[in-house]
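**Q** sequence and computational prediction follow.
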Amino acid sequence: MSALVEITDLKKYFKSPKGMVHAVDGVTMSIEKGSTMGVVGESGCGKSTLGRVLIQMLAPTGGKLLFDGEDVTNLKGQALRDYHSRAQFIFQDPYSSLDPRYTVEQAIAEPLINARKFSRIEIEKKTTELMDMVGVAQRLRQSYPHELDGGRRQRVVIARALALDPEFIVCDEPVSALDVSIQAQVLNLLEDLQKERNLTYMFITHDMSVVKHISDNISVMYLGQLVETSESRELFVHSYHPYTKALLSAIPSTDIHHRMNRIVLKGEITSPINPPPGCRFAARCPYATDKCREPQKLEEVAPNHFVSCCRVREVNPELA
């Protein structure tokens, strides 16, 4: 299976009064066609910024982005519009991502109208097909976003994202604003659509249970950098980076007979403004030494399992 999305040393910095904010700093990743790459980490780690750069909603500061083998790092004009028909985004909050003045029908039809290559009859037919595809009843065609519940609004957003038949979709915490029962329905819908249309996803979330359910591979981010990446099952069985272990320890358990071994992180979070070289997790890591202040890089510690930690083999004797 070949990679649809490949990024190399991708960076996105923002200017601030105190210096440059390193939101995404040197991320290298590949996403195979038809697969789901889960990206996890706490709020502010750069997950959503990474997704926006991949869709070219934000221009990268540095690095390279390849899409199906083509360099799409700095697209402009018609080339960028063509790329947006192949790569789409599903936002976290379906209410704020829909125009409150547009009906369901108008919201779904808008991308088709803007594409300027469909007739009125084709747009009406396509809108009907998309509503049926995502499970929005035709009786809701003239409804407005405030008249829908969260699950239906998110289904409308998904239909909009599918309107131009994209190959790649960034899902930015698409179920975090929904009730648990509705979350399961939307996740199942996304999985069904992926199988039917051979879609490739980047699924951004802070919920480890959700990412385990939907992802083929998982990348863990901390302050703009990847600290661990592997196949989904492998990560939950063998995690090596101290930050990944802390995230996994926070997953709630229904086993009342065994006490949870929660790893509580202490220490100050490193500032993302002009951060010093070295591991950005070092200030909160119980194993940190002076060696951790040196630049880190992802190292393969098992087949297709990469960790960015200079002391990973010392902390995990099974890797020695």
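**A** That came through fine. Numbering: from 1, shown residues only.
**Q** next up, the contacts around E32.
**A** Contact partners of E32, counting by C-beta atoms under 8 Å, 6 or more residues apart in numbering, are 1-4, 200, 216-217. The C-beta positions use only the backbone N, C-alpha and C, and glycine is treated the same way.
**Q** now do the same end-to-end measure for stretch 112-129.
**A** Distance across stretch 112-129, first residue to last, is 13 Å (C-alpha to C-alpha, to the nearest Å).
**Q** pull out the buried positions in it.
**A** For stretch 112-129, the neighbour count (16 or more other C-beta atoms under 10 Å) marks 112, 118, 123, 126-127 as buried.
**Q** now do that stretch: everything it contacts.
**A** Stretch 112-129 is contacted by residues 85, 105, 108-109, 138, 141, 163-164 when judged by C-beta under 8 Å, 6+ apart.
**Q** in PDB, list the C-alpha atoms belonging to stretch 84-95.
**A** Taking Å, rounded to 0.1, in the frame of the first residue of the first chain, the C-alpha atoms of stretch 84-95 are listed here in PDB:
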ATOM      1  CA  HIS A  84      -9.100  21.500  -1.700                       C
ATOM      2  CA  SER A  85     -11.500  19.300  -3.800                       C
ATOM      3  CA  ARG A  86      -9.200  16.300  -3.000                       C
ATOM      4  CA  ALA A  87      -8.500  17.200   0.700                       C
ATOM      5  CA  GLN A  88     -11.200  18.300   3.100                       C
ATOM      6  CA  PHE A  89     -11.700  19.200   6.800                       C
ATOM      7  CA  ILE A  90     -14.300  18.200   9.400                       C
ATOM      8  CA  PHE A  91     -14.400  20.700  12.200                       C
ATOM      9  CA  GLN A  92     -14.800  20.000  15.900                       C
ATOM     10  CA  ASP A  93     -17.900  22.100  16.500                       C
ATOM     11  CA  PRO A  94     -20.600  21.500  13.800                       C
ATOM     12  CA  TYR A  95     -22.700  24.500  15.000                       C
END
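**Q** buried residues in it, which are they?
**A** Applying a neighbour-count criterion of 16+ other C-beta under 10 Å, one finds 84-85, 87-94 buried in stretch 84-95.
**Q** okay if I get the buried residues of stretch 112-129 as JSON lines plus pLDDT, distance to P242 and secondary structure?
**A** Below are the buried residues of stretch 112-129 laid out as JSON lines (pLDDT from 0 to 100; distance: C-beta to C-beta, whole Å; DSSP: H, G, I helix; E, B strand; the rest coil):
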{"residue": "L112", "pLDDT": "94", "distance to P242": "48", "secondary structure": "helix"}
{"residue": "F118", "pLDDT": "92", "distance to P242": "52", "secondary structure": "coil"}
{"residue": "I123", "pLDDT": "94", "distance to P242": "52", "secondary structure": "helix"}
{"residue": "K126", "pLDDT": "95", "distance to P242": "49", "secondary structure": "helix"}
{"residue": "T127", "pLDDT": "96", "distance to P242": "49", "secondary structure": "helix"}
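**Q** switch those residues over to TSV; also include distance to G34.
**A** Formatted as TSV, those follow (distance: C-beta to C-beta, whole Å):
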residue	distance to G34
L112	25
F118	26
I123	28
K126	23
T127	26
